[in-house]
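In: Below are the sequence and a predicted model for it; my questions follow.
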Amino acid sequence: MTDERVYCLDTSALINPWNDYYAPDLAPGYWRSIPAMVAAGRAVLSEEVREELEKIEDDLLKWARVNIGSWHPLTDEVQAVVTEIMANWGKLVDVRKDRSRADPFVIATAKVIGATVVTDEKHGAEKDPRIPFVCERLGVPCLTPSAFVREARIPLV
């Protein structure tokens, strides 16, 4: 892994580790590393991820408000890629269930800045697209949180 790689984290790369396998009391290094990587320009989180986190007032949201110093804005370039994504894989976002609204923005941000997406979503398929499926179609690298930990050499303790 080279220091030049940048990671774009999906909401699931925060929520699932927080609630399950990288809980702050079990893996505090994960939660120290993300803000440090954001500050160093090695990780980004879309403003849309922040909006998803803000749906639930919990300890993860409190952590994010204190620790994430900057959120990647919605630029014209990102919006153009979001438009392309939604034209091709509109089912990526389930507006009826208010699900996955940040997903196209995470992918688009990664594509625009040349980052690798980090998501805990399963692959999906054409009829039920998920982040890894769309990333594959667009040539955007995509990792699970565990692969991210390994590749970025994130200490868990």
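Out: Arrived safely, thanks for sending.

In: My guess is residue 157 contacts residue 30. True?
Out: No - contact criterion C-beta atoms under 8 Å: residue 157 and residue 30 do not qualify, at 9.4 Å. Quick note: C-beta positions are derived from backbone N, CA and C, even for glycine.

In: The two: which has the busier surroundings?
Out: More crowded of residue 157 and residue 30, by other C-beta atoms under 10 Å: residue 30, with 23 against 8.

In: ok, that one - contacts?
Out: Neighbouring residues of residue 30 by C-beta atoms under 8 Å, 6 or more residues apart in numbering: 17, 22, 149, 154, 156.

In: Do I have it right that residue 68 meets residue 36?
Out: No - assessed by C-beta under 8 Å, residue 68 is found out of contact with residue 36, at 11.0 Å.

In: In terms of neighbours, single out the busier of those two.
Out: Neighbours per residue (other C-beta under 10 Å) separate residue 68 from residue 36, with residue 68 holding more: 20 against 12.
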